[in-house]
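coords please:
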Amino acid sequence: MAIPNYTCLKLKMSGPCGIITLDTSFQRTYECEVECNEHVAAIVTSKELAAIREEIVDEVPDPRGDVESQKRPLYGNEWVNGYDPVIKALAQGLDIHLNHRITKIIQRYNKVIICVEDVASFVADAAIITVPLGVLKANIIEFEPELPREKLSAIADLGVGIENKIALKFNTVFWPNVEVLGRIAPTSNACGYFLNLHKATGNPVLVCMVAGRFAYEMEKLSDEESVNFVMSQLRKMLPQATEPVQYLVSRWGSDPNSLGSYSCDLVGKPADLYERFCAPVGNLFFAGEAACIDHSGSVHGAYSSAIAAAEDCRRRLSTQLGISDLFQVGKIIVREEITVREKSIH
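Prediction:
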């Protein structure tokens with residue numbers, strides 16, 4: 001879950017190292033937890049996942065060494081492989097084409113043509129657009145005809161934030177057994193916090209979370225320079241910190257497939273931006289975290305917006321084609337693939 005905007009810093013462990021954790025008011029924390037837990041629980045227990053959840057098994061070795069428990073169902077806090085198992089579960093039975101960079105979307109009254117770089121195109125009755133907001137703002141994908149002014153202004157006025165991760169794996173654990181470590185500093189470029197993955201997974205891993213302008217600056221550094229910097233900050237809290245044996249650095253802001261991490265509100269902009277962004281345009285539907293009014297900036301928001309867009313698409317096609325139950329949400333529509341050689345589609 002994305003950390004809410006109201007999150008503040010609260011002193012957890014006093015002393016010369018200045019170790020802190022993230023916290024907020026008890027009332028607001030409770031309200032947020034209840035809301036998010038109910039929403040995520042509804043997704044996890046949905047029919048789409050219920051049928052396949054029992055078949056998905058986490059094969060990460062149990063740190064306790066128990067052979068029988070090395071294969072455990074992915075429930076609750078036992079999700080230790082990131083979102084990969086979730087993606088694999090949701091992708092079962094779908095016809096997915098990877099490594100297809102979309103260049104143009106041609107919209108007709110009852111057809112949509114998706115053009116990609118390798119000149120192979122896809123034709124469908126409708127399309128659900130789920131590319132990140134940053135990609136839409138950069139105009140990497142051309143729309144023909146151009147999207148309505150209301151949609152373009154919503155894309156332009158929504159903000160895009162960056163939060164990168166620097167994952168550090170160590171040979172041994174040298175930090176306290178808390179969820180989050182953080183440091184208060186005189187400048188934003190020295191502030192940040194570390195997620196303690198050892199507490200959740202048993203692996204000696206800390207993940208440094210870097211956001212805002214600090215994240216932009218960090219993306220200009222090499223992986224080694226980024227690791228050296230965050231290690232210098234970690235040693236100001238924990239002088240006994242050892243060198244990491246492995247590391248992984250994300251760059252969501254400069255990644256051409258994302259150009260940002262999440263959508264956000266900008267000061268002085270209209271209040272109906274999310275409604276306008278998720279509104280369909282004929283047989284084009286929009287989904288993703290930026291299309292979720294209540295849970296923007298979160299994974300469960302992206303999931304719920306996609307379910308809503310798929311249902312809107314189903315209703316439109318049912319009416320258009322005169323079929324009451326054309327398809328069920330979660331199943332694919334057969335698409336016609338065409339290859340255009342030595343000429344573009346007009």
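
tell me the buried residues in stretch 263-277?
263-264, 273-274, 276-277 (16 or more other Cβ atoms under 10 Å). In this view, the C-beta of every residue, glycine as well, is placed from N, C-alpha and C.

ends of that stretch, what's the gap?
Taking Cα to Cα, to the nearest Å, the first and last residues of stretch 263-277 lie 11 Å apart.

avg pLDDT for stretch 201-208?
This predicted structure assigns stretch 201-208 an average pLDDT of 93.

hang on, L317 in a strand?
No - read with DSSP: H, G, I helix; E, B strand; the rest coil, L317 is helix and lies in no strand.

where's E311 relative to I128, distance?
Using Cβ to Cβ, to the nearest Å, E311 is found at 11 Å from I128.

before we move on, what about L147?
The span separating L147 from I128 equals 15 Å under the rule Cβ to Cβ.

before we move on, what about D272?
With distances taken as Cβ to Cβ, D272 is found 21 Å from I128.

before we move on, what about K151?
Where I128 is concerned, K151 sits at a distance of 15 Å (Cβ to Cβ).

next one: P244
Taking Cβ to Cβ, one finds P244 at 40 Å from I128.

so where do the helices sit in this protein?
26-44, 47-53, 84-91, 133-137, 149-157, 198-201, 212-218, 223-237, 273-278, 299-321 (DSSP state H).

single out the most deeply packed of those.
Mean neighbour counts were compared across those using mean count of other Cβ atoms under 10 Å; the top stretch is helix 133-137, at a mean of 22.

ok, and what's touching that one?
With Cβ atoms under 8 Å, 6 or more residues apart in numbering as the contact definition, helix 133-137 has outside contacts at 141, 155-156, 158, 160, 253, 256-260, 263, 277, 288, 290.

what's the answer for stretch 248-268, then?
The list of residues contacting stretch 248-268 from outside it, by Cβ under 8 Å, 6+ apart, reads 2, 132-135, 137-138, 140, 157-167, 215-216, 219, 223, 226-227, 273, 289-290, 296-298.

list the buried ones in it?
For stretch 248-268, burial by neighbour count (16+ other Cβ under 10 Å) applies to 249-253, 258-264.

tell me which of the residues you listed is nearest to I96?
Of all those, the one with the least separation from I96 (Cβ to Cβ) is S258, at 18.3 Å.

and the furthest pair within the buried residues of stretch 263-277?
The widest separation within the buried residues of stretch 263-277 (Cβ to Cβ) is 15.9 Å, between C264 and R276.

mind checking which of the helices of the chain is nearest I105?
Checking the helices of the chain against I105 by Cβ to Cβ gives helix 133-137 as the closest, at 10.9 Å.

for the stretch 51-200 of the chain, which residues score under the pLDDT cut-off?
Counting by pLDDT under 70, the stretch 51-200 of the chain shows low-confidence ranges at 51-81, 188-191.

for it, which segments count as strands?
Counting by DSSP state E, counting those that start in this stretch, the stretch 51-200 of the chain has strands at residues 57-58, 72-73, 102-107, 112-116, 120-124, 127-129, 142-144, 159-161, 163-169, 180-183, 192-196.

CA atoms only for the fourth one - export them in PDB, please.
These are the backbone C-alpha positions of strand 112-116, laid out as PDB (Å, rounded to 0.1, in the frame of the first residue of the first chain):
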ATOM      1  CA  VAL A 112      -9.900   0.100 -32.400                       C
ATOM      2  CA  ILE A 113      -6.500  -0.500 -34.100                       C
ATOM      3  CA  ILE A 114      -3.500  -0.800 -31.800                       C
ATOM      4  CA  CYS A 115      -0.300  -0.100 -33.700                       C
ATOM      5  CA  VAL A 116       3.100  -1.200 -32.300                       C
END
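
now what about it, what contacts it?
Judged by Cβ under 8 Å, 6+ apart, the contacts made with strand 112-116 from elsewhere in the structure are 100-106, 121-127, 283-284, 344-345.

which member of the contacts of helix 133-137 is positioned nearest I307?
Nearest to I307, judged by Cβ to Cβ, of those is G288 at 12.1 Å.

contact partners for the closest one?
By Cβ under 8 Å, 6+ apart, G288 lies in contact with 130-133, 302, 305-306.
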